[in-house]
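*Asks:* kindly generate the corresponding structure for this input.
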Amino acid sequence: MDIQEMSGSPESIRKSPDRYNSLSYSSRPFVSRSQPVGVSRPPLPSRNVGNYLLYDPLEENVLRAANAHSGEELVCKVIPVSRYREVLCSYYCLPPHPNIIEMRDVVVGDAHAYLFFPRSYGNLGVMLQARRLPEDTARYLFRQLVSAVAHCHNNGLVLRDLKLNKFVFKNKERCVSKILLGLFGSGLSRRGKLKTSRPKLHPTKKG
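*Replies:* Numbers count the residues shown, from 1 in each chain. All right, here's what the predicted structure looks like:
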């Protein structure tokens, strides 16, 4: 389900039993008699939520995930159910943009909501720590970043936690970037006045 399909009231979002607090994560590979020695498979899922399998955490409240039917790799952001309407409201008000990552689906439990996004392939912050970019490449990526941020501002949305690791790559070649909005919505807000709201900038270390 993309942003355009998620119209109307969040009441239509699917419900699912919620046992997030009891999750245990497994990093053990599948074991198969037909599997060659030394070849590992994806880790066993810790549990399922709706039509999705949840795996080990990437960071706090962000998990690797997969569609149980198609096998598509995803990322799942877990938020308190009391906040999901506020978070989704920002996405409802934001028209689609080629450089803004889309929300695929939402599953709501008793205590938590699970927001599913496409998998990304690294972020700009890590890339710039590893190497310098040619001027043409930097200009190409910077144009996409500015376009995405301007799109949010033009629609009355404030990015309160703007830093390079929020800009992720949508393919392995890392030639096209997409902005990951404030870590899946946590830094996206319609509160306050845009003209007096400044992004939080994180300076990088020199040397």
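
*Asks:* could you use CA atoms for every contact and neighbour count after this?
*Replies:* Noted.

*Asks:* strands of this protein, start to end?
*Replies:* 14-15, 47-49, 52-59, 62-67, 73-80, 105-108, 112-118, 158-159, 167-169, 177-179, 188-189 (DSSP state E).

*Asks:* the first one - what's its average pLDDT?
*Replies:* Within the predicted structure, the mean pLDDT of strand 14-15 is 64.

*Asks:* likewise stretch 93-108?
*Replies:* 88.

*Asks:* gap between the two ends of that stretch?
*Replies:* Stretch 93-108 has its terminal residues 20 Å apart, counting by C-alpha to C-alpha, to the nearest Å.

*Asks:* turn the strands of the chain into TSV, including distance to residue 96 and mean neighbour count.
*Replies:* Listed next are those as TSV, based on distance: least, C-alpha to C-alpha, whole Å; neighbours: other C-alpha atoms under 10 Å:
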stretch	distance to residue 96	mean neighbour count
strand 14-15	22	14
strand 47-49	26	18
strand 52-59	24	18
strand 62-67	23	21
strand 73-80	19	21
strand 105-108	15	22
strand 112-118	14	23
strand 158-159	16	24
strand 167-169	17	25
strand 177-179	12	26
strand 188-189	15	22
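
*Asks:* okay, these in CSV with distance to residue 136 next?
*Replies:* Converted to CSV, the strands of the chain look like this (distance: least, C-alpha to C-alpha, whole Å):
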stretch, distance to residue 136
strand 14-15, 45
strand 47-49, 43
strand 52-59, 32
strand 62-67, 33
strand 73-80, 31
strand 105-108, 36
strand 112-118, 27
strand 158-159, 26
strand 167-169, 17
strand 177-179, 15
strand 188-189, 30
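
*Asks:* out of those, which is closest to residue 139?
*Replies:* Using C-alpha to C-alpha as the criterion, the shortest distance between residue 139 and the strands of the chain is 12.2 Å, found for strand 177-179.
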